[in-house]
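K.L.:
Just need the structure, nothing else, for what follows:
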Amino acid sequence: MRCWQANGWSRRAVASGIQNRHIMLTFHLLEGLFPPIKEISDMNIGVASEKSGLPAKTIRYYEDIGLLHPARTDNGYRDYSTADIHRLRFLQRSRSLGFSVDECRQLLSLYQDRERDSADVKAIAKAKLVEIDRKIAELVGLRGLLHHLVSHCHGDERPECPIIDELAGQGVAQ
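P.N.:
Residues are numbered from 1 along each chain as shown. Purely as a prediction, here's the structure:
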């Protein structure tokens, strides 16, 4: 006998069919009881590109490096599912936040792992914040130097230029 439960309703079925006396209204989906159903959507790479907002070239690249594994049709064309589009959007948002391809690979793996520890995700994000803060400090230093050079350059017909001197290794900042 098999039993299905969905949103507060349940049914029991035997090989001969459904026995009405055993039908109970319980409709409560038990997560993980049945494998997720892959939505058949017949999306080619053009449609996937449009729905994900990523160029087809980027989608192919993600497949080449193993971040995406779309199904193939009998004639070899890529066939993207709704789940593939969700992965592509996840990757797009991850990349827009500055995560590297390797970090995206780790995050995608965590995204797909329902038993993940949020601490693992947070550790990756915190490491990215440290990297961003370091880059900001570096850029602030570069901005200060360039501001100093620009303010000391006369910007007229004279050939002397502290910007050129700095670029040539003869400047004040040495």
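K.L.:
now K128: how far from K122?
P.N.:
K128 sits 11 Å away from K122, going by Cβ to Cβ, to the nearest Å. For glycine as for every other residue, the C-beta is placed from the backbone atoms N, C-alpha and C.
K.L.:
More neighbours: which of the two?
P.N.:
Legend: neighbour count by other Cβ atoms under 10 Å for K128 and K122, higher for K128 (17 against 10).
K.L.:
I'd say that one and C104 touch.
P.N.:
No. Using Cβ atoms under 8 Å, K128 is not in contact with C104, being 11.0 Å away.
K.L.:
how does the protein divide up, domain by domain?
P.N.:
1-35, 45-116, 126-167 (automatic domain parsing).
K.L.:
could I get these as CSV with mean pLDDT?
P.N.:
As requested, those are exported to CSV (pLDDT from 0 to 100):
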stretch, mean pLDDT
domain 1-35, 38
domain 45-116, 96
domain 126-167, 95
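K.L.:
Please identify the most buried of these.
P.N.:
Most buried of these by mean neighbour count (mean count of other Cβ atoms under 10 Å) is domain 45-116; its value is a mean of 15.
K.L.:
Which strands or helices does the strand or helix carrying R95 pack on?
P.N.:
Following DSSP states H and E, one finds R95 within helix 82-96. Packing partners of helix 82-96 (3 or more Cβ pairs under 8 Å, 6 or more residues apart in numbering; DSSP states H and E): helix 45-52, helix 56-64, helix 101-112.
K.L.:
end-to-end on stretch 55-70?
P.N.:
16 Å (Cα to Cα, to the nearest Å).
K.L.:
Kindly report the same for stretch 58-72.
P.N.:
Length of stretch 58-72, first residue to last, Cα to Cα: 18 Å.
K.L.:
Now I45: closest residue in space, sequence neighbours ignored.
P.N.:
A56 (4.8 Å; Cβ to Cβ, 6 or more residues apart in numbering).
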